[in-house]
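In: generate coordinates for the sequence data below:
(chains A, B, C and D)
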There are 2 protein chains.
Amino acid sequence: MDIKKTYSISELAKEFDVTTRSVRFYEDQGLLHPTRRGQTRIFSSKDRVRLKLILRGKRMGFSLSETKELFDLWDETLSGNEKQLLLMLNTLANKRAQLEQQKNDIAQAEMEMDTAEARCREALADLQKKKREQTKIQKAQIKEEPQPVEQK
Amino acid sequence: MDIKKTYSISELAKEFDVTTRSVRFYEDQGLLHPTRRGQTRIFSSKDRVRLKLILRGKRMGFSLSETKELFDLWDETLSGNEKQLLLMLNTLANKRAQLEQQKNDIAQAEMEMDTAEARCREALADLQKKKREQTKIQKAQIKEEPQPVEQK
DNA sequence: AAAATACTTTACGTTTACGTAAACTTTATC
DNA sequence: GATAAAGTTTACGTAAACGTAAAGTATTTT
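Out: Alright, predicted model coming up:
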């Protein structure tokens, strides 16, 4: 038994930092299924979870329709039909492959960022060195030609 | 000294399985900078690398303009200006944070897929069991009421 | 030289995921 | 009871990332 509470559209919007427009859009596209009190939407904790999943999906580069497909598939899976179960297992395997690809991409990106960062730091160090040499020269010059007397 | 070769638009398109339209679009958006022989585009191996990065970026949910920003930033970084170097380091740190978020998302998704898969297999096992019970009953019925003689 | 092939520019069309504005109801507050 | 606050529908607008078609050039093949 989840948190059981219900949510208004602006509660959800605020919590997940999206606009109400987006939430309504997700309903329009069949990703959320709030009930109504009068004409006002009432979201269940299931809707809340789904919203969270939608947003995570987006961060992972999934389109809304991809996410919707997963939702629908899962709902049909719950019906317990064998064909649907097998289909779901299949889909899960595909998604796993996608995730593997993403993990690879991320690992690659991290390696390249490592070398990029290293080069940056190296270049910076070089600059600092040059700066220090420069100030040394200046100090030397000051010693050679000391205290020019100020006058008004 | 990379592979040093140059590439036609269709070579690149074929290699990375994108349309020539896309490649031209990426140039239009300032992500690729092919030279020209007459009016025909000639892509360098640097362009090839960038195309690869563009596509990886897309898989990771980066927009073209995000990727372009990175390219531009990197190019300016190469100029060795201190301000640019610091800016790049900053940006790299931000991107790393993004990647961490993505890794979290992926880990979460994998966990949920694990439980989803487990439930599926369980449900399937239940179905199989019921099936076996069903056939047992049928076999029992056949034993009780054996060999109905066939006639024509 | 005619035809096929590969490339080009120009430009309008399309999908996704909302933004934004207008006009209206319902509920809470003064 | 007026007004503000939060919700609603309807509908047009927009940015991103191409698709697609038209019409032309350049080169290679037959």
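In: where does pLDDT dip in chain A?
Out: For chain A, the stretches with pLDDT under 70 are A:1-4, A:136, A:139-140, A:142-152.
In: helices of that one, start to end?
Out: Along chain A, the stretches classed as helices by DSSP state H are A:9-16, A:20-28, A:45-59, A:64-78, A:82-144.
In: domain assignment for chain A?
Out: Chain A breaks down by automatic domain parsing into domains covering A:1-61, A:79-132.
In: show me what from chain A comes close to DNA strand D.
Out: A:8-11, A:20, A:24, A:39-41 (C-beta under 7 Å from any atom of the strand). Using the backbone N, CA and C atoms, a C-beta is placed for each residue, glycine as well.
In: turn those into a markdown table, including neighbour count and distance to B:Lys95.
Out: Shown next, in a markdown table, are the residues of chain A next to DNA strand D (neighbours: other C-beta atoms under 10 Å in any protein chain shown; distance: C-beta to C-beta, whole Å):
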| residue | neighbour count | distance to B:Lys95 |
| --- | --- | --- |
| A:Ser8 | 14 | 36 |
| A:Ile9 | 19 | 33 |
| A:Ser10 | 11 | 32 |
| A:Glu11 | 13 | 32 |
| A:Thr20 | 14 | 31 |
| A:Arg24 | 15 | 32 |
| A:Gln39 | 5 | 44 |
| A:Thr40 | 10 | 41 |
| A:Arg41 | 21 | 37 |
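In: greatest separation within the residues you listed: which pair is it?
Out: A:Glu11 and A:Gln39 (17.4 Å; C-beta to C-beta).
In: and chain A, which residues reach DNA strand C?
Out: Counting by C-beta under 7 Å from any atom of the strand, the residues of chain A that sit close to DNA strand C are A:18-19, A:21-22, A:25, A:29, A:37-40, A:58, A:63-65.
In: what subset of the residues you listed is buried?
Out: A:Val18 (16 or more other C-beta atoms under 10 Å in any protein chain shown).
In: A:Lys130: which of the residues of chain A next to DNA strand C is nearest?
Out: Closest to A:Lys130 out of the residues of chain A next to DNA strand C is A:Lys58 (45.8 Å), distances taken as C-beta to C-beta.
In: OK, contacts around the closest one?
Out: Residues near A:Lys58 by C-beta atoms under 8 Å, 6 or more residues apart in numbering or on different chains: A:64, B:61.
In: dump the residues of chain A next to DNA strand D to JSON lines, plus distance to B:Glu133.
Out: Formatted as JSON lines, the residues of chain A next to DNA strand D follow (distance: C-beta to C-beta, whole Å):
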{"residue": "A:Ser8", "distance to B:Glu133": "49"}
{"residue": "A:Ile9", "distance to B:Glu133": "48"}
{"residue": "A:Ser10", "distance to B:Glu133": "52"}
{"residue": "A:Glu11", "distance to B:Glu133": "48"}
{"residue": "A:Thr20", "distance to B:Glu133": "52"}
{"residue": "A:Arg24", "distance to B:Glu133": "48"}
{"residue": "A:Gln39", "distance to B:Glu133": "50"}
{"residue": "A:Thr40", "distance to B:Glu133": "49"}
{"residue": "A:Arg41", "distance to B:Glu133": "46"}
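In: chain B contacts on chain A?
Out: When proximity is defined by C-beta under 8 Å from any C-beta of the partner chain, chain A lies next to chain B at A:56, A:58-61, A:74, A:77, A:80, A:82, A:85-86, A:88-89, A:92, A:95-96, A:99, A:101-103, A:105-106, A:108-110, A:113, A:116-117, A:120-121, A:123-124, A:127.
In: please convert the buried members of those into ChimeraX selection syntax.
Out: To isolate the buried subset of these in ChimeraX, counting by 16+ other C-beta under 10 Å, use the following:
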select /A:56,60,61,74,77,85,88,92,95,99,102,105,106,109,113,116,120,123,124
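In: residues contacting the closest residue to A:Gly80 other than its chain neighbours?
Out: Once flanking residues are discounted, A:Gly80 sits nearest to B:Ala123: 5.7 Å by C-beta to C-beta, 6 or more residues apart in numbering or on different chains. Listed by C-beta under 8 Å, 6+ apart, the contact partners of B:Ala123 are A:77, A:80, A:85.
In: please report phi then psi for the second one.
Out: Note on A:Gly80: its backbone torsions stand at phi 80, psi 10 [degrees, to the nearest 10].
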